[in-house]
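> Build me a model:
(chains A and B)
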Amino acid sequence: MLRGLWKLTWLELKIFLREPLGAFGSIVFPVLVFVVLGRFAGGRITPSSLSPAGFARVGLPVFVAVLISLSGVLSLVTIISIYREGGILKRLRATPLRPQTILAAHVLVKLTLTALTMALTVLAGKRYFPIHAGFPIFGFSLALLISTWSILSIGFLIASFVPTARFAQPIGAAILYPMIGVCGLFVPVQSLPPALQVVARLLPLTYAVSLLEGILKGEAWSAHVGDVAALVVVFAICTALSAKVFRWE
Amino acid sequence: MAVSEVSFDVSEGEVFGLIGPNGAGKTTTMECVEGVRRPDGGEISILGLDPFRDVYQVQNRIGVQLQQAQLQKRIKVWEAVDLWASLYPKPMDGNRLLEQLGLADKRNALFMTLSGGQKQRLFIALALINDPEVVFLDELTTGLDPQSRRAIWDLVRGIRDRGKTVVLTTHLMEEAERLCDRVAIIERGKIIDIGGPEELVSRHCPTRAVVLATEDALAEERLRAIPRVETVMRRGSEFTIQGQGDDFVTEVIQCLSENRIRITYFRTVLPNLEDVFLKLTGHSIRD
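All right, here's what the predicted structure looks like:
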(Lines give C-alpha, C1' and ligand atoms only; values in the text may rest on other atoms or scores of the structure.)
Protein backbone atom coordinates (compact mmCIF):
# COMPACT_ATOMS: atom_id res chain seq x y z
CA MET A 1 0.00 0.00 0.00
CA LEU A 2 2.75 2.41 0.94
CA ARG A 3 4.95 1.51 -1.99
CA GLY A 4 5.04 4.51 -4.24
CA LEU A 5 2.70 6.61 -2.10
CA TRP A 6 5.16 9.41 -1.30
CA LYS A 7 6.58 9.41 -4.77
CA LEU A 8 3.13 9.53 -6.33
CA THR A 9 1.98 12.26 -3.91
CA TRP A 10 4.99 14.45 -4.66
CA LEU A 11 4.57 13.79 -8.38
CA GLU A 12 0.87 14.64 -8.38
CA LEU A 13 1.56 17.84 -6.46
CA LYS A 14 4.11 18.90 -9.06
CA ILE A 15 1.79 17.94 -11.90
CA PHE A 16 -1.05 19.89 -10.34
CA LEU A 17 1.03 23.02 -9.95
CA ARG A 18 2.11 22.76 -13.61
CA GLU A 19 -1.55 23.13 -14.56
CA PRO A 20 -1.99 26.89 -14.64
CA LEU A 21 -5.78 26.97 -14.19
CA GLY A 22 -5.78 24.31 -11.50
CA ALA A 23 -3.41 26.24 -9.31
CA PHE A 24 -5.39 29.43 -9.84
CA GLY A 25 -8.75 27.83 -9.08
CA SER A 26 -7.76 26.08 -5.92
CA ILE A 27 -5.26 28.51 -4.41
CA VAL A 28 -5.64 32.04 -5.75
CA PHE A 29 -9.40 32.08 -6.17
CA PRO A 30 -10.42 31.35 -2.56
CA VAL A 31 -7.92 33.93 -1.35
CA LEU A 32 -9.45 36.49 -3.72
CA VAL A 33 -12.97 35.65 -2.54
CA PHE A 34 -11.86 36.15 1.01
CA VAL A 35 -10.21 39.49 0.35
CA VAL A 36 -13.12 40.83 -1.72
CA LEU A 37 -15.76 39.65 0.72
CA GLY A 38 -13.65 40.96 3.55
CA ARG A 39 -13.74 44.41 1.99
CA PHE A 40 -17.52 44.43 1.66
CA ALA A 41 -18.17 42.82 4.99
CA GLY A 42 -15.98 44.89 7.15
CA GLY A 43 -13.45 47.10 5.53
CA ARG A 44 -10.74 47.87 8.03
CA ILE A 45 -11.92 46.44 11.26
CA THR A 46 -10.08 46.02 14.43
CA PRO A 47 -10.46 42.98 16.62
CA SER A 48 -12.23 45.02 19.29
CA SER A 49 -14.95 46.14 16.90
CA LEU A 50 -15.86 42.57 16.01
CA SER A 51 -18.76 41.05 17.82
CA PRO A 52 -17.67 37.68 19.18
CA ALA A 53 -20.01 35.69 16.93
CA GLY A 54 -20.55 38.09 14.02
CA PHE A 55 -20.40 37.00 10.39
CA ALA A 56 -17.13 38.76 9.67
CA ARG A 57 -15.51 37.26 12.73
CA VAL A 58 -16.76 33.68 12.51
CA GLY A 59 -19.04 33.14 9.53
CA LEU A 60 -16.77 34.48 6.84
CA PRO A 61 -13.64 32.57 7.79
CA VAL A 62 -15.69 29.40 8.10
CA PHE A 63 -17.42 30.06 4.78
CA VAL A 64 -14.09 30.55 3.03
CA ALA A 65 -12.68 27.48 4.75
CA VAL A 66 -15.63 25.46 3.48
CA LEU A 67 -15.11 26.84 -0.03
CA ILE A 68 -11.45 25.86 0.06
CA SER A 69 -12.41 22.43 1.22
CA LEU A 70 -15.15 21.93 -1.38
CA SER A 71 -13.01 23.21 -4.23
CA GLY A 72 -10.44 20.62 -3.20
CA VAL A 73 -13.08 17.91 -3.27
CA LEU A 74 -14.42 18.96 -6.67
CA SER A 75 -10.91 19.11 -8.05
CA LEU A 76 -10.25 15.61 -6.73
CA VAL A 77 -13.42 14.28 -8.38
CA THR A 78 -12.50 15.94 -11.66
CA ILE A 79 -8.91 14.75 -11.67
CA ILE A 80 -9.80 11.13 -10.92
CA SER A 81 -12.48 11.12 -13.62
CA ILE A 82 -10.07 12.63 -16.14
CA TYR A 83 -7.60 9.91 -15.21
CA ARG A 84 -10.27 7.29 -15.71
CA GLU A 85 -11.48 8.71 -19.01
CA GLY A 86 -7.97 9.17 -20.36
CA GLY A 87 -6.87 5.63 -19.58
CA ILE A 88 -4.37 6.78 -16.95
CA LEU A 89 -6.03 4.73 -14.21
CA LYS A 90 -6.05 1.79 -16.57
CA ARG A 91 -2.30 2.07 -17.03
CA LEU A 92 -1.76 2.43 -13.27
CA ARG A 93 -3.90 -0.63 -12.69
CA ALA A 94 -1.39 -2.86 -14.43
CA THR A 95 1.21 -1.87 -11.83
CA PRO A 96 1.46 -2.87 -8.18
CA LEU A 97 -0.25 0.43 -7.26
CA ARG A 98 -3.59 -0.11 -5.49
CA PRO A 99 -6.60 2.21 -5.88
CA GLN A 100 -6.28 3.17 -2.21
CA THR A 101 -2.72 4.36 -2.84
CA ILE A 102 -3.79 6.44 -5.82
CA LEU A 103 -6.66 8.02 -3.90
CA ALA A 104 -4.52 8.53 -0.80
CA ALA A 105 -1.91 10.36 -2.88
CA HIS A 106 -4.56 12.70 -4.27
CA VAL A 107 -6.04 13.27 -0.82
CA LEU A 108 -2.60 14.18 0.52
CA VAL A 109 -2.12 16.56 -2.38
CA LYS A 110 -5.46 18.23 -1.65
CA LEU A 111 -4.73 18.49 2.07
CA THR A 112 -1.37 20.06 1.33
CA LEU A 113 -2.98 22.56 -1.03
CA THR A 114 -5.76 23.24 1.49
CA ALA A 115 -3.20 24.01 4.17
CA LEU A 116 -1.27 26.19 1.75
CA THR A 117 -4.39 28.08 0.65
CA MET A 118 -5.44 28.56 4.25
CA ALA A 119 -2.04 29.99 5.12
CA LEU A 120 -2.19 32.39 2.14
CA THR A 121 -5.73 33.40 3.07
CA VAL A 122 -4.66 34.25 6.59
CA LEU A 123 -1.77 36.30 5.25
CA ALA A 124 -3.96 38.11 2.72
CA GLY A 125 -6.68 38.68 5.27
CA LYS A 126 -4.36 40.25 7.82
CA ARG A 127 -5.31 43.67 6.52
CA TYR A 128 -8.99 43.16 7.25
CA PHE A 129 -8.78 40.70 10.08
CA PRO A 130 -5.71 41.42 12.11
CA ILE A 131 -4.64 38.25 13.82
CA HIS A 132 -5.35 38.89 17.42
CA ALA A 133 -4.25 36.96 20.42
CA GLY A 134 -7.48 35.02 20.54
CA PHE A 135 -7.35 33.69 16.97
CA PRO A 136 -6.74 29.96 17.23
CA ILE A 137 -4.79 29.64 14.02
CA PHE A 138 -3.37 26.19 14.68
CA GLY A 139 -6.58 24.81 16.09
CA PHE A 140 -8.53 26.24 13.18
CA SER A 141 -6.10 24.80 10.64
CA LEU A 142 -6.27 21.41 12.29
CA ALA A 143 -10.08 21.53 12.32
CA LEU A 144 -10.04 22.45 8.64
CA LEU A 145 -7.72 19.58 7.76
CA ILE A 146 -9.90 17.08 9.63
CA SER A 147 -13.01 18.49 7.93
CA THR A 148 -11.41 18.45 4.50
CA TRP A 149 -10.15 14.90 5.00
CA SER A 150 -13.68 13.80 5.82
CA ILE A 151 -15.39 15.70 3.00
CA LEU A 152 -12.70 14.48 0.60
CA SER A 153 -13.81 10.95 1.33
CA ILE A 154 -17.21 11.83 -0.15
CA GLY A 155 -15.25 13.21 -3.07
CA PHE A 156 -13.47 9.98 -3.71
CA LEU A 157 -16.64 8.01 -3.29
CA ILE A 158 -18.08 10.14 -6.11
CA ALA A 159 -14.78 9.90 -7.99
CA SER A 160 -14.84 6.12 -7.74
CA PHE A 161 -17.70 5.74 -10.16
CA VAL A 162 -18.27 8.95 -12.15
CA PRO A 163 -17.64 7.76 -15.71
CA THR A 164 -16.41 10.88 -17.48
CA ALA A 165 -14.89 14.20 -16.57
CA ARG A 166 -17.80 16.02 -18.13
CA PHE A 167 -20.15 14.52 -15.53
CA ALA A 168 -17.73 14.87 -12.66
CA GLN A 169 -18.09 18.62 -12.10
CA PRO A 170 -21.93 18.82 -12.20
CA ILE A 171 -22.43 15.64 -10.17
CA GLY A 172 -19.87 16.73 -7.63
CA ALA A 173 -21.37 20.20 -7.42
CA ALA A 174 -24.93 18.85 -7.20
CA ILE A 175 -23.98 16.68 -4.24
CA LEU A 176 -21.66 19.08 -2.46
CA TYR A 177 -23.05 22.59 -2.84
CA PRO A 178 -26.55 21.94 -1.44
CA MET A 179 -24.78 20.88 1.73
CA ILE A 180 -23.73 24.50 2.24
CA GLY A 181 -27.38 25.54 2.51
CA VAL A 182 -28.25 23.24 5.37
CA CYS A 183 -24.92 22.95 7.13
CA GLY A 184 -25.74 25.61 9.71
CA LEU A 185 -23.48 28.25 8.27
CA PHE A 186 -26.22 30.71 7.29
CA VAL A 187 -29.20 29.32 9.15
CA PRO A 188 -28.70 27.51 12.44
CA VAL A 189 -29.53 23.82 12.08
CA GLN A 190 -32.05 24.04 14.94
CA SER A 191 -34.22 26.51 13.01
CA LEU A 192 -34.44 24.36 9.87
CA PRO A 193 -37.63 22.36 9.14
CA PRO A 194 -37.43 18.96 10.88
CA ALA A 195 -36.91 17.01 7.62
CA LEU A 196 -33.99 19.20 6.65
CA GLN A 197 -32.60 18.90 10.15
CA VAL A 198 -32.40 15.14 9.63
CA VAL A 199 -30.64 15.70 6.31
CA ALA A 200 -28.26 18.17 7.93
CA ARG A 201 -27.42 15.66 10.67
CA LEU A 202 -26.41 13.15 8.01
CA LEU A 203 -24.08 15.50 6.18
CA PRO A 204 -20.45 15.78 7.21
CA LEU A 205 -20.36 19.47 6.32
CA THR A 206 -22.72 20.21 9.22
CA TYR A 207 -20.22 18.74 11.66
CA ALA A 208 -17.35 20.42 9.89
CA VAL A 209 -19.02 23.83 10.22
CA SER A 210 -19.91 23.20 13.84
CA LEU A 211 -16.31 22.22 14.57
CA LEU A 212 -14.79 25.15 12.66
CA GLU A 213 -17.15 27.69 14.25
CA GLY A 214 -16.63 26.29 17.68
CA ILE A 215 -12.86 26.35 17.43
CA LEU A 216 -12.99 29.87 16.01
CA LYS A 217 -15.16 31.03 18.90
CA GLY A 218 -12.54 29.71 21.24
CA GLU A 219 -14.43 26.67 22.45
CA ALA A 220 -12.48 23.67 23.68
CA TRP A 221 -11.84 20.61 21.48
CA SER A 222 -13.47 18.51 24.18
CA ALA A 223 -16.78 20.24 23.40
CA HIS A 224 -16.54 19.02 19.80
CA VAL A 225 -15.59 15.37 20.22
CA GLY A 226 -18.96 14.50 18.67
CA ASP A 227 -18.21 16.56 15.55
CA VAL A 228 -14.79 14.97 15.11
CA ALA A 229 -16.26 11.50 15.68
CA ALA A 230 -18.97 12.13 13.06
CA LEU A 231 -16.34 13.29 10.56
CA VAL A 232 -14.24 10.20 11.21
CA VAL A 233 -17.29 7.93 10.75
CA VAL A 234 -18.12 9.60 7.42
CA PHE A 235 -14.53 9.11 6.36
CA ALA A 236 -14.56 5.43 7.32
CA ILE A 237 -17.85 4.69 5.56
CA CYS A 238 -16.99 6.53 2.37
CA THR A 239 -13.52 5.00 2.17
CA ALA A 240 -14.88 1.49 2.62
CA LEU A 241 -17.62 2.08 0.03
CA SER A 242 -15.30 3.65 -2.50
CA ALA A 243 -12.92 0.69 -2.31
CA LYS A 244 -15.91 -1.49 -3.22
CA VAL A 245 -17.26 0.56 -6.09
CA PHE A 246 -13.97 1.83 -7.51
CA ARG A 247 -13.85 1.56 -11.30
CA TRP A 248 -10.63 1.64 -13.26
CA GLU A 249 -12.27 2.32 -16.62
CA MET B 1 -19.49 -11.79 -25.01
CA ALA B 2 -16.21 -10.77 -26.54
CA VAL B 3 -14.32 -14.00 -26.10
CA SER B 4 -15.84 -17.47 -26.00
CA GLU B 5 -13.38 -20.20 -26.94
CA VAL B 6 -9.76 -19.32 -26.69
CA SER B 7 -7.10 -21.82 -25.80
CA PHE B 8 -3.37 -21.52 -26.36
CA ASP B 9 0.03 -22.05 -24.81
CA VAL B 10 2.95 -19.69 -25.13
CA SER B 11 6.47 -21.08 -24.73
CA GLU B 12 9.32 -19.36 -23.00
CA GLY B 13 11.41 -17.07 -25.19
CA GLU B 14 9.05 -16.88 -28.13
CA VAL B 15 7.17 -13.99 -29.68
CA PHE B 16 3.54 -14.99 -29.77
CA GLY B 17 0.97 -12.97 -31.65
CA LEU B 18 -2.79 -12.76 -31.32
CA ILE B 19 -3.98 -11.54 -34.68
CA GLY B 20 -7.42 -10.63 -35.86
CA PRO B 21 -9.60 -7.67 -36.77
CA ASN B 22 -10.66 -4.99 -34.30
CA GLY B 23 -13.23 -6.32 -31.88
CA ALA B 24 -12.17 -9.94 -32.34
CA GLY B 25 -11.33 -10.33 -28.66
CA LYS B 26 -7.55 -9.93 -28.76
CA THR B 27 -7.38 -7.29 -26.06
CA THR B 28 -9.94 -9.01 -23.85
CA THR B 29 -7.93 -12.22 -24.01
CA MET B 30 -4.72 -10.43 -23.22
CA GLU B 31 -6.20 -8.46 -20.32
CA CYS B 32 -7.45 -11.68 -18.75
CA VAL B 33 -3.94 -13.12 -18.89
CA GLU B 34 -2.48 -9.91 -17.45
CA GLY B 35 -4.84 -10.05 -14.47
CA VAL B 36 -6.43 -6.73 -15.42
CA ARG B 37 -9.76 -8.33 -16.29
CA ARG B 38 -11.54 -11.20 -14.59
CA PRO B 39 -12.67 -13.94 -16.97
CA ASP B 40 -16.19 -15.38 -16.55
CA GLY B 41 -14.83 -18.88 -16.81
CA GLY B 42 -11.96 -21.04 -17.93
CA GLU B 43 -8.43 -21.50 -16.72
CA ILE B 44 -5.45 -19.24 -17.11
CA SER B 45 -1.96 -19.91 -15.88
CA ILE B 46 0.96 -17.58 -16.36
CA LEU B 47 4.42 -18.38 -15.00
CA GLY B 48 2.62 -21.07 -13.03
CA LEU B 49 0.41 -18.48 -11.32
CA ASP B 50 -3.26 -17.55 -11.52
CA PRO B 51 -3.34 -14.03 -12.95
CA PHE B 52 -6.30 -12.95 -10.87
CA ARG B 53 -5.66 -14.65 -7.55
CA ASP B 54 -1.90 -14.05 -7.56
CA VAL B 55 -2.14 -10.65 -9.23
CA TYR B 56 0.59 -9.02 -7.12
CA GLN B 57 3.15 -11.74 -7.84
CA VAL B 58 2.22 -11.82 -11.50
CA GLN B 59 2.53 -8.04 -11.84
CA ASN B 60 6.06 -8.13 -10.50
CA ARG B 61 7.11 -10.59 -13.17
CA ILE B 62 5.29 -9.30 -16.25
CA GLY B 63 5.51 -6.08 -18.21
CA VAL B 64 2.45 -4.57 -19.82
CA GLN B 65 1.79 -2.07 -22.56
CA LEU B 66 -1.94 -1.40 -22.80
CA GLN B 67 -3.89 -0.27 -25.78
CA GLN B 68 -5.09 3.34 -25.52
CA ALA B 69 -3.47 3.92 -22.17
CA GLN B 70 -2.24 7.40 -21.32
CA LEU B 71 -0.22 9.09 -18.62
CA GLN B 72 -0.79 12.36 -16.84
CA LYS B 73 -0.47 15.11 -19.44
CA ARG B 74 2.08 17.06 -17.49
CA ILE B 75 4.19 14.23 -16.14
CA LYS B 76 7.79 14.33 -17.33
CA VAL B 77 9.35 11.32 -19.01
CA TRP B 78 11.93 10.78 -16.26
CA GLU B 79 9.26 11.18 -13.56
CA ALA B 80 7.15 8.41 -15.06
CA VAL B 81 10.13 6.07 -15.31
CA ASP B 82 11.18 6.98 -11.77
CA LEU B 83 7.67 6.33 -10.37
CA TRP B 84 7.39 3.00 -12.13
CA ALA B 85 10.87 1.99 -10.93
CA SER B 86 9.83 2.73 -7.34
CA LEU B 87 6.91 0.29 -7.57
CA TYR B 88 8.98 -2.84 -8.21
CA PRO B 89 11.47 -4.67 -6.03
CA LYS B 90 14.28 -4.99 -8.60
CA PRO B 91 13.92 -2.26 -11.22
CA MET B 92 16.26 -1.76 -14.15
CA ASP B 93 18.31 1.41 -14.63
CA GLY B 94 15.73 3.86 -15.98
CA ASN B 95 18.29 6.13 -17.63
CA ARG B 96 19.84 3.29 -19.55
CA LEU B 97 16.43 2.09 -20.61
CA LEU B 98 15.52 5.55 -21.93
CA GLU B 99 18.82 5.64 -23.78
CA GLN B 100 18.21 2.25 -25.38
CA LEU B 101 14.77 3.37 -26.49
CA GLY B 102 16.07 6.61 -27.94
CA LEU B 103 14.36 8.82 -25.37
CA ALA B 104 17.42 10.13 -23.55
CA ASP B 105 16.97 13.65 -24.90
CA LYS B 106 13.28 13.60 -23.96
CA ARG B 107 13.92 12.99 -20.26
CA ASN B 108 12.54 16.37 -19.25
CA ALA B 109 9.75 16.55 -21.81
CA LEU B 110 6.13 16.54 -20.65
CA PHE B 111 4.14 13.48 -21.70
CA MET B 112 1.67 15.58 -23.70
CA THR B 113 4.45 16.97 -25.89
CA LEU B 114 5.65 13.55 -27.06
CA SER B 115 4.85 12.20 -30.52
CA GLY B 116 2.89 8.97 -30.93
CA GLY B 117 6.04 6.95 -31.49
CA GLN B 118 7.78 8.52 -28.50
CA LYS B 119 4.79 7.75 -26.27
CA GLN B 120 4.84 4.12 -27.39
CA ARG B 121 8.56 3.92 -26.70
CA LEU B 122 7.98 5.37 -23.24
CA PHE B 123 5.26 2.76 -22.63
CA ILE B 124 7.71 0.08 -23.73
CA ALA B 125 10.23 1.48 -21.25
CA LEU B 126 7.60 1.30 -18.48
CA ALA B 127 6.73 -2.26 -19.51
CA LEU B 128 10.39 -3.25 -19.24
CA ILE B 129 11.31 -1.34 -16.06
CA ASN B 130 10.80 -4.34 -13.76
CA ASP B 131 12.93 -6.61 -15.95
CA PRO B 132 9.90 -8.83 -16.62
CA GLU B 133 9.94 -12.42 -17.78
CA VAL B 134 6.92 -11.94 -20.04
CA VAL B 135 6.09 -8.73 -21.90
CA PHE B 136 2.59 -8.00 -23.22
CA LEU B 137 2.27 -5.52 -26.04
CA ASP B 138 -1.22 -4.58 -27.18
CA GLU B 139 -1.57 -2.94 -30.61
CA LEU B 140 1.88 -1.54 -30.24
CA THR B 141 2.19 0.25 -33.55
CA THR B 142 -1.40 1.23 -34.30
CA GLY B 143 -1.52 4.81 -35.49
CA LEU B 144 2.22 5.12 -36.02
CA ASP B 145 3.91 6.12 -39.26
CA PRO B 146 5.86 3.40 -41.11
CA GLN B 147 9.21 4.72 -39.92
CA SER B 148 8.28 4.65 -36.21
CA ARG B 149 6.68 1.28 -36.77
CA ARG B 150 9.92 -0.19 -38.07
CA ALA B 151 11.86 1.32 -35.18
CA ILE B 152 9.43 -0.29 -32.72
CA TRP B 153 9.76 -3.66 -34.48
CA ASP B 154 13.50 -3.53 -33.95
CA LEU B 155 12.89 -2.85 -30.27
CA VAL B 156 10.59 -5.86 -29.95
CA ARG B 157 13.23 -8.08 -31.60
CA GLY B 158 15.69 -6.67 -29.09
CA ILE B 159 13.39 -7.67 -26.22
CA ARG B 160 13.16 -11.21 -27.54
CA ASP B 161 16.92 -11.39 -28.04
CA ARG B 162 17.31 -10.68 -24.33
CA GLY B 163 15.46 -13.91 -23.65
CA LYS B 164 12.05 -12.49 -22.76
CA THR B 165 8.79 -14.00 -23.84
CA VAL B 166 6.67 -11.54 -25.80
CA VAL B 167 2.92 -11.75 -26.32
CA LEU B 168 1.54 -9.16 -28.71
CA THR B 169 -1.69 -8.35 -30.46
CA THR B 170 -1.92 -6.76 -33.86
CA HIS B 171 -4.29 -6.39 -36.74
CA LEU B 172 -1.38 -5.80 -39.10
CA MET B 173 -0.48 -9.03 -40.85
CA GLU B 174 2.88 -7.68 -41.93
CA GLU B 175 3.74 -6.96 -38.29
CA ALA B 176 2.78 -10.49 -37.28
CA GLU B 177 4.82 -12.01 -40.11
CA ARG B 178 7.91 -10.02 -39.28
CA LEU B 179 7.85 -10.34 -35.51
CA CYS B 180 6.05 -13.48 -34.43
CA ASP B 181 7.42 -16.97 -34.05
CA ARG B 182 3.86 -18.21 -33.74
CA VAL B 183 0.48 -16.60 -34.15
CA ALA B 184 -3.09 -17.40 -33.17
CA ILE B 185 -5.73 -16.18 -35.57
CA ILE B 186 -8.66 -15.01 -33.52
CA GLU B 187 -12.04 -13.99 -34.76
CA ARG B 188 -15.33 -13.29 -32.96
CA GLY B 189 -13.86 -14.55 -29.71
CA LYS B 190 -12.61 -17.83 -31.11
CA ILE B 191 -9.20 -19.05 -32.13
CA ILE B 192 -9.36 -20.34 -35.67
CA ASP B 193 -5.82 -21.68 -35.99
CA ILE B 194 -2.41 -21.47 -34.36
CA GLY B 195 1.01 -21.90 -35.87
CA GLY B 196 4.11 -20.25 -37.27
CA PRO B 197 3.30 -17.67 -39.98
CA GLU B 198 4.90 -19.76 -42.74
CA GLU B 199 3.35 -22.93 -41.44
CA LEU B 200 -0.10 -21.33 -41.53
CA VAL B 201 0.47 -20.04 -45.03
CA SER B 202 1.55 -23.40 -46.43
CA ARG B 203 -1.26 -25.17 -44.58
CA HIS B 204 -4.08 -22.93 -45.74
CA CYS B 205 -2.79 -21.20 -48.86
CA PRO B 206 -0.41 -23.60 -50.61
CA THR B 207 -1.02 -22.05 -54.03
CA ARG B 208 1.70 -19.72 -55.35
CA ALA B 209 1.72 -17.75 -58.54
CA VAL B 210 4.23 -16.53 -61.09
CA VAL B 211 3.38 -13.49 -63.18
CA LEU B 212 5.42 -12.99 -66.34
CA ALA B 213 5.22 -11.22 -69.68
CA THR B 214 6.34 -12.67 -72.96
CA GLU B 215 5.62 -12.31 -76.68
CA ASP B 216 6.52 -15.94 -77.35
CA ALA B 217 3.63 -17.59 -79.23
CA LEU B 218 4.32 -21.04 -77.78
CA ALA B 219 4.66 -19.89 -74.19
CA GLU B 220 1.12 -20.77 -73.08
CA GLU B 221 1.34 -24.30 -74.38
CA ARG B 222 4.76 -24.91 -72.78
CA LEU B 223 3.70 -23.47 -69.44
CA ARG B 224 0.58 -25.62 -69.32
CA ALA B 225 2.76 -28.67 -69.80
CA ILE B 226 4.51 -28.16 -66.42
CA PRO B 227 3.18 -30.91 -64.08
CA ARG B 228 2.66 -28.72 -60.99
CA VAL B 229 0.84 -25.97 -62.83
CA GLU B 230 -2.85 -25.73 -62.00
CA THR B 231 -4.03 -22.77 -64.03
CA VAL B 232 -2.59 -20.42 -66.60
CA MET B 233 -4.38 -17.13 -67.18
CA ARG B 234 -3.48 -14.86 -70.01
CA ARG B 235 -4.14 -11.16 -70.42
CA GLY B 236 -2.46 -9.82 -73.54
CA SER B 237 1.19 -10.70 -73.18
CA GLU B 238 0.94 -11.16 -69.40
CA PHE B 239 0.55 -14.65 -67.94
CA THR B 240 -0.42 -15.60 -64.42
CA ILE B 241 0.57 -19.17 -63.63
CA GLN B 242 -0.66 -20.82 -60.44
CA GLY B 243 0.58 -24.00 -58.84
CA GLN B 244 1.47 -25.70 -55.58
CA GLY B 245 4.59 -26.93 -53.86
CA ASP B 246 8.03 -25.60 -53.02
CA ASP B 247 9.42 -26.59 -56.46
CA PHE B 248 6.75 -24.82 -58.44
CA VAL B 249 8.68 -21.61 -59.07
CA THR B 250 11.83 -23.54 -59.99
CA GLU B 251 9.91 -25.62 -62.49
CA VAL B 252 8.52 -22.54 -64.16
CA ILE B 253 12.00 -21.05 -64.46
CA GLN B 254 13.36 -24.33 -65.83
CA CYS B 255 10.60 -24.45 -68.43
CA LEU B 256 11.36 -20.90 -69.52
CA SER B 257 15.04 -21.68 -69.79
CA GLU B 258 14.74 -25.04 -71.60
CA ASN B 259 12.38 -23.58 -74.18
CA ARG B 260 14.40 -20.37 -74.53
CA ILE B 261 11.28 -18.30 -73.92
CA ARG B 262 12.22 -14.65 -73.86
CA ILE B 263 10.47 -12.80 -71.01
CA THR B 264 10.30 -9.08 -70.32
CA TYR B 265 8.84 -9.27 -66.83
CA PHE B 266 8.85 -11.82 -64.02
CA ARG B 267 7.62 -11.83 -60.43
CA THR B 268 6.37 -14.37 -57.92
CA VAL B 269 3.28 -13.87 -55.83
CA LEU B 270 3.50 -15.73 -52.53
CA PRO B 271 0.51 -15.90 -50.23
CA ASN B 272 0.86 -14.33 -46.79
CA LEU B 273 -1.04 -14.23 -43.52
CA GLU B 274 -3.46 -11.76 -45.05
CA ASP B 275 -4.49 -14.45 -47.56
CA VAL B 276 -4.70 -17.04 -44.80
CA PHE B 277 -6.98 -14.76 -42.88
CA LEU B 278 -9.15 -14.14 -45.92
CA LYS B 279 -9.38 -17.86 -46.60
CA LEU B 280 -10.21 -18.81 -43.01
CA THR B 281 -12.73 -16.09 -42.26
CA GLY B 282 -14.11 -15.31 -45.67
CA HIS B 283 -13.34 -11.63 -45.29
CA SER B 284 -10.37 -9.31 -45.21
CA ILE B 285 -8.98 -8.27 -41.83
CA ARG B 286 -9.69 -4.63 -42.59
CA ASP B 287 -13.41 -5.10 -43.28
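
> how far does the helix or strand that A:Leu142 is a member of sit from the chain's center?
Assigned by DSSP states H and E, A:Leu142 belongs to helix A:137-161. A distance of 5 Å separates the centroid of the chain from that of helix A:137-161, by C-alpha atoms, centre = their mean, to the nearest Å.

> could you give the mean pLDDT of it?
Helix A:137-161 shows a mean pLDDT of 86.

> Likewise for stretch B:152-164?
For stretch B:152-164, mean pLDDT rounds to 90.

> Which strands or helices does the helix holding A:Leu142 pack on?
Using 3 or more C-beta pairs under 8 Å, 6 or more residues apart in numbering or on different chains; DSSP states H and E as the contact test, the elements touching helix A:137-161 are helix A:60-85, helix A:99-125, helix A:165-182, helix A:204-216, helix A:225-245. To be clear about C-beta, it is placed using only N, CA and C from the backbone, and glycine gets the same treatment.

> between these, which one is nearest to chain B?
Ranking these by their distance to chain B (criterion: C-beta to the nearest C-beta) puts helix A:60-85 first, at 7.5 Å.

> Return the per-residue confidence for the closest residue to chain A within the stretch 51-200 of chain B.
With C-beta to the nearest C-beta, the shortest gap between the stretch 51-200 of chain B and chain A falls at B:Ala69, namely 3.8 Å. Note for B:Ala69: predicted pLDDT of 84.

> what do you get for A:Leu92?
Value listed for A:Leu92 in the pLDDT field: 87.

> again with B:Thr207
On pLDDT, B:Thr207 comes in at 90.

> ok, the residue most central in space within chain A - contacts?
Nearest to the mean C-alpha position of chain A, counting by C-alpha atoms, centre = their mean, stands A:Ser69 at 1.9 Å. Listed by C-beta atoms under 8 Å, 6 or more residues apart in numbering or on different chains, the contact set of A:Ser69 reads A:Thr114, A:Leu144, A:Ser147, A:Thr148, A:Ile151, A:Leu152, A:Ala208.

> quick check, nearest of the residues you listed to chain B?
Each of those was checked against chain B using C-beta to the nearest C-beta; the closest is A:Leu152, at 19.6 Å.

> just checking, that closest one touches A:Leu74?
No - here A:Leu152 does not reach A:Leu74: they are 10.5 Å apart, not a contact under C-beta atoms under 8 Å.

> The two: which is more packed in?
A:Leu152 (28 against 22; other C-beta atoms under 10 Å in any protein chain shown).

> So that one versus A:Ala229, what's the distance?
Per C-beta to C-beta, to the nearest Å, A:Leu152 is found 18 Å from A:Ala229.

> same deal with A:Val35?
Counting by C-beta to C-beta, the gap from A:Val35 to A:Ala229 is 35 Å.

> out of the two, which sits in the busier spot?
A:Val35 (15 against 11).

> Quick check on the more buried one: phi, psi?
Main-chain torsions, A:Val35, degrees, to the nearest 10: phi -70, psi -50.

> Pull up the per-residue confidence for it.
78.

> mind putting the helices and strands packed on helix A:137-161 in TSV, mean pLDDT and distance to B:Ala125 included?
Output for the helices and strands packed on helix A:137-161, formatted as TSV (pLDDT from 0 to 100; distance: least, C-beta to C-beta, whole Å):
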stretch	mean pLDDT	distance to B:Ala125
helix A:60-85	83	20
helix A:99-125	83	21
helix A:165-182	83	27
helix A:204-216	89	43
helix A:225-245	90	31
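
> Tabulate those in JSON lines, adding columns for distance to B:Thr113.
Below are the helices and strands packed on helix A:137-161 laid out as JSON lines (distance: least, C-beta to C-beta, whole Å):
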{"stretch": "helix A:60-85", "distance to B:Thr113": "18"}
{"stretch": "helix A:99-125", "distance to B:Thr113": "23"}
{"stretch": "helix A:165-182", "distance to B:Thr113": "21"}
{"stretch": "helix A:204-216", "distance to B:Thr113": "40"}
{"stretch": "helix A:225-245", "distance to B:Thr113": "33"}
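
> Tell me which of the ones you listed lies nearest to B:Leu18.
Evaluated with C-beta to C-beta, the helices and strands packed on helix A:137-161 place helix A:60-85 nearest to B:Leu18, the distance being 26.0 Å.

> got the angle between the closest one and helix A:204-216?
Counting by axes from the mean of the first three to the mean of the last three C-alpha atoms, to 10 degrees, helix A:60-85 lies at 140 degrees to helix A:204-216.

> need the contact list for the residue in chain A that chain B sits nearest to.
Nearest residue of chain A to chain B (C-beta to the nearest C-beta) works out as A:Arg91 at 3.8 Å. By C-beta under 8 Å, 6+ apart, the contact set of A:Arg91 is B:Leu66, B:Ala69, B:Gln70, B:Leu71, B:Phe123, B:Leu126.
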